[in-house]
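# attaching a predicted model along with its sequence, questions to come.
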Amino acid sequence: MSLDEYYQTFVTYGGLEELSSYEKLSEGEETINGLKGKWFECKYKDRGIFVTNLIYLIPKGDKIFMLTSFSSTEKYPKYKDNFLGMIKSFEAM
């Protein structure tokens, strides 16, 4: 499966869009340590609290790595740079 197919499958069938409070905030593509990936940020209500997710999908060979980070929407700006630092340190063996 191509990166676009992985991404579309995850976004379409991953279940997040079915949440009534779901909102995609941004999306894009990025290369991390030589691996091309796609990412998106979204927010939704989970058990009464709005959370914001940052999700990267990175394929390598016949595998896909999904790197997910999230926090309450209120605290997300405080942690976003830490999330990005962890994601950008990813290496597939």
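Received, thanks. Numbers count the residues shown, from 1 in each chain.
# helix, strand or coil for residue 87?
helix (DSSP: H, G, I helix; E, B strand; the rest coil).
# number of residues surrounding it?
Applying other Cβ atoms under 10 Å, we find 19 residues neighbouring residue 87. For every residue, glycine as well, the C-beta is placed using N, CA and C.
# show me where the protein has helices.
Along the chain, the stretches classed as helices by DSSP state H are 3-13, 76-88.
# adding mean pLDDT and distance to residue 26, write those out as a markdown table.
Formatted as a markdown table, those follow (pLDDT from 0 to 100; distance: least, Cβ to Cβ, whole Å):
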| stretch | mean pLDDT | distance to residue 26 |
| --- | --- | --- |
| helix 3-13 | 79 | 13 |
| helix 76-88 | 95 | 11 |
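# so which of those helices is nearest residue 28?
The closest of these to residue 28 is helix 3-13. By Cβ to Cβ, the value is 10.9 Å.
# packing partners for the closest one?
Contact partners of helix 3-13 among helices and strands, from 3 or more Cβ pairs under 8 Å, 6 or more residues apart in numbering; DSSP states H and E: strand 35-46, strand 49-60.
# mind putting these into TSV with distance to residue 3 and mean pLDDT?
TSV is the format used below for those (distance: least, Cβ to Cβ, whole Å; pLDDT from 0 to 100):
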stretch	distance to residue 3	mean pLDDT
strand 35-46	6	92
strand 49-60	5	93
